[in-house]
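In: sequence unknown, structure follows:
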């Protein structure tokens, strides 16, 4: 069971009686369409908000609306196609609004919605956590890499008969 399935099961089981004397929340069978639909939706939303470009775009939109090309300049290495797709998906989820002004050529601005702003607050906490723990993570990686170093593979070993 992956993390998203566990979270859906946990949310759906809140307030229900346990089946045994152990303190295990009761949950609906995974085969019901409601649970399957909620699990798929939860995985989709987590994938969207955890996506590299979505996180960067949300951070760039925090504080003020931005035009497409301004966003593209601020979001280094993103292609026009990827930025368009990311903004469209964020708009679909209600995290970003798109405002078109009747000018020639049309001026389009993107801004965070209230929901998008609340997500930015969570992302900011994640960045703070990362900053606080980065030295420890780097030390753990170096320690792991030094103790789990792989020995380069040599020539294939031959059997006792030389084959």
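Out: In hand now; what should we look at? Since the model is a prediction, treat every value here as computed from it, not as a measurement.
In: what ranges do the helices span in the protein?
Out: For the chain, applying DSSP state H gives helices covering 3-13, 33-50, 52-61, 68-74, 80-92, 114-147.
In: For residue 99, find the nearest of those.
Out: Of all those, helix 80-92 sits nearest to residue 99, with 10.7 Å by CB to CB. Backbone N, C-alpha and C define where each C-beta goes, glycine included.
In: Buried residues, that closest one. List them.
Out: Using 16 or more other CB atoms under 10 Å as the test for burial, helix 80-92 gives 83, 86-87, 89-90.
In: Closest one of those residues to residue 63?
Out: Among the buried residues of helix 80-92, and counting by CB to CB, the member closest to residue 63 is residue 90, at 16.1 Å.
In: Distance-wise, check the closest one relative to residue 104.
Out: Look at residue 90 and residue 104: by CB to CB, to the nearest Å, they are 27 Å apart.
In: Equivalent analysis for residue 91, please.
Out: Distance, residue 91 to residue 104, by CB to CB: 23 Å.
In: Please apply the same query to residue 87.
Out: Distance from residue 87 to residue 104, counting by CB to CB: 22 Å.
In: Tell me which residue is most central in the protein.
Out: Nearest to the mean C-alpha position of the chain, by CA atoms, centre = their mean, lies residue 50 at 1.1 Å.
In: Provide the backbone phi and psi angles at residue 79.
Out: phi -80, psi 160 (degrees, to the nearest 10).
In: Enumerate every residue touching it.
Out: Contact analysis of residue 79 by CB atoms under 8 Å, 6 or more residues apart in numbering lists nothing.
In: hey, which helix or strand in the protein has the poorest pLDDT?
Out: In the chain, no helix or strand scores lower on mean pLDDT, DSSP states H and E than helix 3-13, which sits at a mean of 42.
In: Reformat the buried residues of helix 80-92 as CSV; add distance to residue 139 and pLDDT.
Out: Formatted as CSV, the buried residues of helix 80-92 follow (distance: CB to CB, whole Å; pLDDT from 0 to 100):
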residue, distance to residue 139, pLDDT
83, 36, 97
86, 34, 96
87, 38, 97
89, 37, 95
90, 36, 96
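In: any chance of those residues in TSV, plus distance to residue 41?
Out: Shown next, in TSV, are those (distance: CB to CB, whole Å):
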residue	distance to residue 41
83	25
86	19
87	21
89	14
90	16
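In: give me phi/psi at the closest residue to residue 109 other than its chain neighbours?
Out: Nearest residue to residue 109 in three dimensions, chain neighbours excluded: residue 65, at 4.3 Å (CB to CB, 6 or more residues apart in numbering). The phi and psi torsions at residue 65 (degrees, to the nearest 10) take the values phi -70, psi 150.
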